[in-house]
Every structure is written in structure tokens, then in C-alpha cells.
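Colleague: prediction below, plus the sequence it came from.
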Amino acid sequence: MTFELRLLATPKAVPELRHHLRHHTYDVRLCATELVTNVIDHVGEGTPVTVRVLGTDDGHTRVEVTDPDPRALPVLLRATATDEHGRGMALLDALAQRWGVEQGADRKTVWCVLMNQAGAEDA
């Protein structure tokens with residue numbers, strides 16, 4: 001299973017991405033859209049991104065979002081009940097087995113690995 005989509009990181013693109021990922025699990029859709037939202041919030045609206053969903057050799061699912069800013073790194077925050085922002089990476093951290101960042105000279109890829117769920121619709 002491999003999925004790849006190039007898009008501009010805009011609020012309108014988030015529900016479109018969910019639609020493209022409709023045959024994947026809820027966790028895959030949620031992590032992919034959270035990573036794109038992170039690009040919107042921390043790199044800038046309209047940033048070109050590439051979203052990939054890949055099967056791993058051990059049967060899990062890897063979600064990747066690549067953008068052209070190697071400096072704007074994700075930060076795991078612990079948002080309080082009254083904070084309006086700061087939950088995206090905490091949510092991803094709770095859902096994923098592991099996550100990380102691969103930096104290049106002119107880009108970064110934020111990725112996470114999710115355990116496949118029994119009965120999931122991953123295609």
C-alpha cells in the first residue's frame with residue numbers, strides 16, 4: 001500500500017486530504033491532517049507539501065509529510081485545558097508507536113508509524 005499526494009497546505013486542503021485517505025484508518029487520516037495543519041500553522045499557509053502513506057516491512061503504516069522548511073521543527077507540547085493550540089503533536093504522539101523528523105538541506109519530513117488495527121480499511 002502506497003499513497004502519495006502533493007498539495008498546498010491550506011485549511012481547504014485538510015478535508016480534501018481526509019477524503020483522499022477515506023480508505024485508510026481514522027488514525028492515519030487524523031495524523032496526516034494534523035501534520036498538514038502543523039505546516040499551515042508553523043511554516044505558512046500555501047506551503048507545498050507531499051503527503052505519503054506507506055506500508056512498512058513489519059506490517060505497520062507510516063505517514064509522512066514533507067515541506068520545504070528544514071528549520072521549523074515540530075515540538076511536543078503539553079497543552080492545558082484552556083490552551084487554544086498545542087495539541088496536534090501531543091495527539092500524534094499518543095496515537096503513534098513512534099514519530100520523528102528527517103531533515104535535508106532544503107526540506108524536512110515529519111513522520112509517524114502507526115500500528116495497523118484489526119479490521120482496518122487500509123488499502
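Modeller: That came in fine, so what should we check first? Numbers count the residues shown, from 1 in each chain.
Colleague: hmm, who's touching the longest helix seen in the chain?
Modeller: As assigned by DSSP state H, the longest helix anywhere in the chain is helix 26-42. Here helix 26-42 makes contact (CB atoms under 8 Å, 6 or more residues apart in numbering) with 7, 9-11, 13-14, 17-18, 21-22, 47, 49, 51, 53, 61, 63, 65, 67, 72, 74, 85, 88-89, 91-92, 95-96, 110, 112, 114, 117, 122. (Glycine included, C-beta is placed from N, CA and C.)
Colleague: the residues you listed in strands, which ones?
Modeller: 7, 9, 47, 49, 51, 53, 61, 63, 65, 67, 110, 112, 114 (DSSP state E).
Colleague: what count of nearby residues applies to the third one?
Modeller: When neighbours are counted by other CB atoms under 10 Å, T47 registers 18.
Colleague: out of the helices and strands in the protein, which is least certain?
Modeller: When the helices and strands of the chain are compared on mean pLDDT, DSSP states H and E, helix 88-95 comes out lowest with a mean of 86.
Colleague: what's it in contact with?
Modeller: Against helix 88-95 from outside (CB under 8 Å, 6+ apart): 27, 30-31, 34-35, 37-38, 41, 74-79, 99, 112, 114.
Colleague: how about a cut-off of 6 Å?
Modeller: For helix 88-95, contacts defined as CB atoms under 6 Å, 6 or more residues apart in numbering pick out 27, 31, 34, 38, 74, 76, 99, 112.
Colleague: after that helix comes which helix or strand?
Modeller: strand 98-103 (DSSP states H and E).
Colleague: in its sheet, what does that next one sit against?
Modeller: strand 108-114 (antiparallel) (DSSP bridges).
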